[in-house]
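Trainee: Need a 3D model of the following:
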Amino acid sequence: MAFSTSSSAQAARERVAQRLRELRADAGLTGTELAKRCGWTHPKTSRIENGRTRPTPDDIRRWCRACGAEDQAADILAESRNAESAYTEWRRKVRAGLKKLQDSYVDLFQSTELFRIYSPTLVPGLLQTEGYARAVLSATAALHEVPDDAEEAAAARVQRSEIIH
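Mentor: Now for the predicted structure:
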């Protein structure tokens, strides 16, 4: 089964950060040395390679140049654009409300024959009670600053979970 769009977008952002971190390490540079070569502060280098700050196209080009890996810039730029595109798409979907987002997964869940779910911090959506789902979805709405229709979204999530019965 596919990951949710939000986690896929975040994973794509993290892959870009990891590639940049690996370029720096392969070049034998410290974060401070890279920052100096790029003309910015060490904290910026740290934020970019830990995925807390999205690198601009100029940042990626400077990073690759500083690491002697200019041939990889175009590929990393494309990967970064794809990550941002996925994130923008997810934001567009979630702005329409969490219920609509829950409903968008119905066909995927119905066509899935084998579910493999591991969640160390939350009860997986298919196993959530309506009250638990409402609390999780309400917190998600607040976190992402989107309309809080957790009541309707929780009902949709519980209805969708009927496929496991």
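Trainee: Would you mind splitting this structure into its domains for me?
Mentor: Domains of the chain are assigned by automatic domain parsing as 5-92, 97-164.
Trainee: Buried deepest among those domains, which one?
Mentor: Looking across the domains of the chain with neighbours counted as mean count of other CB atoms under 10 Å, the highest average goes to domain 5-92: a mean of 16. Every residue, glycine included, has its C-beta placed from N, CA and C.
Trainee: Quick one: the domains of the chain as JSON lines, columns for mean pLDDT too.
Mentor: Putting the domains of the chain into JSON lines (pLDDT from 0 to 100) gives the following:
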{"stretch": "domain 5-92", "mean pLDDT": "92"}
{"stretch": "domain 97-164", "mean pLDDT": "87"}
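Trainee: Can you show me the helices along the protein?
Mentor: Under the criterion DSSP state H, helices of the chain are mapped to 5-26, 31-38, 42-49, 57-66, 73-95, 98-104, 106-111, 130-144, 150-160.
Trainee: How far off centre is the shortest one?
Mentor: A distance of 22 Å separates the centroid of the chain from that of helix 106-111, by CA atoms, centre = their mean, to the nearest Å.
Trainee: How about the longest one?
Mentor: Put simply, helix 73-95 sits 9 Å off its chain's centre (CA atoms, centre = their mean).
Trainee: same question, stretch 67-78
Mentor: Worked out by CA atoms, centre = their mean, stretch 67-78 lies 22 Å from the chain centre.
Trainee: How about residues contacting that stretch?
Mentor: 16, 19-20, 23-24, 26-27, 29, 34, 57, 60-61, 64-65 (CB atoms under 8 Å, 6 or more residues apart in numbering).
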